[in-house]
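Participant: Give me the fold of what follows.
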Amino acid sequence: MNIDIAFGTLFTLLTDPYLIFLMLIAVPLGAFFGAMPGLGGKLGVVLLIPFVFGMEPIAGAVLLLSMHAVVHTGGSIPSILFGIPGDGTSTAVVLDGYEMTRNGEGGRALGASFGASGIGGVLGAVFLGLLLPVLRPIVLAFSPAEFFLLAILGITFIATLSGKNVVKGLVLGLLGLMVAFVGLDPSTGGPRYTFGHLFLWDGIDIITAVLAMYAIPEMIALGSGQGVVDYSDSANKKYKISEVWDGIIDVFRHWGLSLRTSLVGAVIGLIPGLGGDAASWICYGHAVQSSKTPERFGKGAVEGVIAPETANNSKEGGALLPTLFFAVPGSSGMALLLGAFLMLGIQPGPTIVTENIDLVWMLIWALAVSNVLCVVILLGLTPWLGSLANVRPPLLIPFVLVFALLGSYLSSAAWENLILIFFLGCLGYMCRRHSWPRPPFVIGVVLGPVAEDSLHKALALWGPSFFLRPISLILIAMIIGSIAFYIWRTRRESVEVPGNA
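Facilitator: From the prediction side, this is the model:
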């Protein structure tokens, strides 16, 4: 039965002109935002959100997920050609990708990146599909008690792994929770933290909070010159298709490494909070350790491009799993998608397995097909990729601000959101300027209602004893373990640095 549903949704996706049209729009946009340093995929997602208002849930979800799925593929382009990471997850690609360009093998590095991204994206989606039969009974075994602790676990993971100071991450995560509590108390129906303003009875709009924490700060930074980079020396350089094909062949020549890093990336994506940065660096380290000639890495080894790129894209399949089935975002990008899914009327959680399995399969196939489309499109654009240097990010500021304000207003048709986005945008800019991690805040806003609702239900069903349920004890141990691991790692690094000096 699941096989019939799986192939039925694939056939629907490939034969629906509207869905294909949406993907053909989303994929180039995702690659563009990923390829432009100072913009990034999360900004691309929040700017697309105003355009999905009124769309069917499946169409809107496919549009957003397709754009998000290929951001890392685009992010590898400036990493390889200019030595400037398009996003954080592309940093590992710089080590060997940019060295290959300096060695005259830029086209080959691009081909390896595109091929690895396509393979990783498809295998990540396949990994998610294969887990569905096993995952269903596990998901249905979860109760409100476990969902409350899962929400806390998601916030804890991201807080501890998104910055050098765990206190900063936890503070912003808790601040996000406090913002999520604005509105009517679900248990009493009374207004809470609304300060007499009627528009706050519905709570702080998730889309407004996301736009304020990402779009506004990035535009302020670009306007002040903080996000502007200069790589004009590489402009208009042409890359031959034959060179790119050599890189794609390299991916299949190192098929064992591609499969292993794709699997590792997907597994890492399952763990909320680890995300692409951890996946790319762990897999890069694996490539070095498993190589017979590790001395080549950092000097232009093609395996140094393949490993992080497969991991970056396969982890999206793994990250989609906790986002859909547990309403716990597998990454900061998935946190934005989770908020958008809720806006579209899609309710992530255990019931999605039984009530909306068609949507799950549609998203799985969209993840795979969008990665293939991105590779095909970028292959066609390869000779002109050097011209990306001519696009000046500051010129995009007025357009981005207009879309951000429009999205904030349309999300709840409240002009007060324009004032709210200003104040939260100032908070987001201060966080960016002083290196405070913003993902914990967004996760707190998104997961706050889930955590509160689950807590009320758990207390009503079992009282405080819900903490003693078997799965609850495991999750509590994971929460404590994640914090303890971070503290241990921080202390070890502080001991090793003086010793090395």
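
Participant: Would you work out how far apart the start and end of stretch 459-468 are?
Facilitator: 12 Å (Cα to Cα, to the nearest Å).

Participant: close enough to count as contact, residue 80 and residue 108?
Facilitator: No. If you go by Cβ atoms under 8 Å, residue 80 and residue 108 don't touch, sitting 9.8 Å apart. To be clear about C-beta, it is placed using only N, CA and C from the backbone, and glycine gets the same treatment.

Participant: anything in contact with each of these two?
Facilitator: residue 100 (Cβ atoms under 8 Å, 6 or more residues apart in numbering).

Participant: okay, these two: which has more neighbours?
Facilitator: Remark: of residue 80 and residue 108, residue 80 carries more neighbours, 31 against 28, as counted by other Cβ atoms under 10 Å.

Participant: show me the contacts for the more buried one.
Facilitator: Residues in contact with residue 80 (Cβ under 8 Å, 6+ apart) are 93-94, 97-98, 100-101, 106, 109-110, 113, 305.

Participant: chain center to stretch 11-30: distance?
Facilitator: Counting by Cα atoms, centre = their mean, to the nearest Å, stretch 11-30 is centred 20 Å from the centre of its parent chain.

Participant: Would you mind extracting the C-alpha trace of that stretch into PDB?
Facilitator: Only the C-alpha atoms of stretch 11-30 are listed here, as PDB (Å, rounded to 0.1, in the frame of the first residue of the first chain):
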ATOM      1  CA  PHE A  11       3.500  10.400 -10.800                       C
ATOM      2  CA  THR A  12       1.300  13.200  -9.600                       C
ATOM      3  CA  LEU A  13       4.300  15.500  -9.000                       C
ATOM      4  CA  LEU A  14       5.900  14.800 -12.400                       C
ATOM      5  CA  THR A  15       2.700  15.200 -14.400                       C
ATOM      6  CA  ASP A  16       1.200  18.200 -12.600                       C
ATOM      7  CA  PRO A  17       2.300  21.300 -14.700                       C
ATOM      8  CA  TYR A  18       1.500  23.600 -11.800                       C
ATOM      9  CA  LEU A  19       3.800  21.800  -9.400                       C
ATOM     10  CA  ILE A  20       6.600  21.500 -12.000                       C
ATOM     11  CA  PHE A  21       6.200  25.200 -12.700                       C
ATOM     12  CA  LEU A  22       6.500  26.100  -9.000                       C
ATOM     13  CA  MET A  23       9.700  23.900  -8.700                       C
ATOM     14  CA  LEU A  24      11.200  25.600 -11.800                       C
ATOM     15  CA  ILE A  25      10.700  28.900 -10.100                       C
ATOM     16  CA  ALA A  26      11.900  27.800  -6.600                       C
ATOM     17  CA  VAL A  27      15.000  25.900  -7.600                       C
ATOM     18  CA  PRO A  28      16.800  28.800  -9.400                       C
ATOM     19  CA  LEU A  29      15.800  31.200  -6.600                       C
ATOM     20  CA  GLY A  30      17.200  28.800  -3.900                       C
END
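
Participant: Let me see the mean pLDDT of it.
Facilitator: Taken as a whole, stretch 11-30 has a mean pLDDT of 86.

Participant: ok, now stretch 177-194?
Facilitator: Stretch 177-194 comes out at a mean pLDDT of 79.

Participant: Between the two ends of it, how far is it?
Facilitator: 15 Å.

Participant: which other residues reach it?
Facilitator: Identification of contacts with stretch 177-194 by Cβ under 8 Å, 6+ apart yields 155, 200-204, 209, 441, 444-449, 451-453, 456.

Participant: again, but for stretch 145-156
Facilitator: Counting by Cβ under 8 Å, 6+ apart, 142, 170, 173, 176-177, 272-273, 322, 326-329, 349, 440, 443-444, 447, 450-451, 454-455, 458, 461-462, 466-467, 469, 471-472, 475-476, 478-479, 482-483 sit against stretch 145-156.

Participant: Can you flag which of these belong to helices?
Facilitator: Taking DSSP state H, the ones among the contacts of stretch 145-156 that sit in helices are 170, 173, 176-177, 322, 440, 443-444, 447, 450-451, 454-455, 458, 461-462, 471-472, 475-476, 478-479, 482-483.

Participant: Produce a ChimeraX select command limited to the buried residues of these.
Facilitator: Filtering these down to the buried ones (16 or more other Cβ atoms under 10 Å) takes a single ChimeraX command:
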select :170,173,176,177,322,440,443,444,447,450,451,454,455,458,462,472,475,476,478,479,482,483
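
Participant: ok now do residue 200, which residues does it touch?
Facilitator: 182-183, 191, 193-194.

Participant: Mind putting those residues into a markdown table with secondary structure, neighbour count and distance to residue 221?
Facilitator: Conversion of those to a markdown table gives the following (DSSP: H, G, I helix; E, B strand; the rest coil; neighbours: other Cβ atoms under 10 Å; distance: Cβ to Cβ, whole Å):
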| residue | secondary structure | neighbour count | distance to residue 221 |
| --- | --- | --- | --- |
| 182 | coil | 19 | 27 |
| 183 | strand | 16 | 31 |
| 191 | strand | 16 | 36 |
| 193 | coil | 13 | 30 |
| 194 | coil | 16 | 32 |
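
Participant: Tell me the one of the residues you listed nearest residue 10?
Facilitator: When the contacts of residue 200 are compared for distance to residue 10 (Cβ to Cβ), residue 183 wins out at 40.3 Å.

Participant: And the closest one, how close does it get to residue 341?
Facilitator: 20 Å (Cβ to Cβ, to the nearest Å).

Participant: Equivalent analysis for residue 309, please.
Facilitator: Taking Cβ to Cβ, one finds residue 309 at 27 Å from residue 341.

Participant: Break down this protein into its strands, ranges please.
Facilitator: 183-184, 191-192 (DSSP state E).

Participant: which stretch among those strands comes nearest residue 429?
Facilitator: Closest among the strands of the chain, using Cβ to Cβ: strand 183-184, at 25.3 Å.

Participant: The closest residue in space to residue 72 that isn't next to it in sequence: how many residues sit nearby?
Facilitator: Nearest residue to residue 72 in three dimensions, chain neighbours excluded: residue 312, at 4.0 Å (Cβ to Cβ, 6 or more residues apart in numbering). If you count neighbours by other Cβ under 10 Å, residue 312 ends up with 34.

Participant: was I right about residue 312 contacting residue 262?
Facilitator: No. If you go by Cβ under 8 Å, residue 312 and residue 262 don't touch, sitting 10.3 Å apart.

Participant: who touches both of these two?
Facilitator: Going by Cβ under 8 Å, 6+ apart, residues that sit against residue 312 and also against residue 262 are residue 120.

Participant: Can you name the residues that contact residue 311?
Facilitator: Per Cβ under 8 Å, 6+ apart, neighbours of residue 311: 120, 261-262, 264-265, 268, 276, 279-280, 282-283.

Participant: could you redo the last one with a cut-off of 6 Å?
Facilitator: By Cβ atoms under 6 Å, 6 or more residues apart in numbering, residue 311 lies in contact with 261, 265, 279-280, 283.

Participant: how about stretch 187-200: buried residues?
Facilitator: 191, 194, 199-200.

Participant: Widest-spaced pair of the residues you listed?
Facilitator: Taking Cβ to Cβ, no two of the buried residues of stretch 187-200 sit farther apart than 191 and 199, at 11.4 Å.

Participant: On the pLDDT front, check the spatially most central residue of the chain for me.
Facilitator: Most central in the chain under Cα atoms, centre = their mean is residue 333, positioned 2.6 Å from the mean C-alpha point. pLDDT for residue 333: 73.
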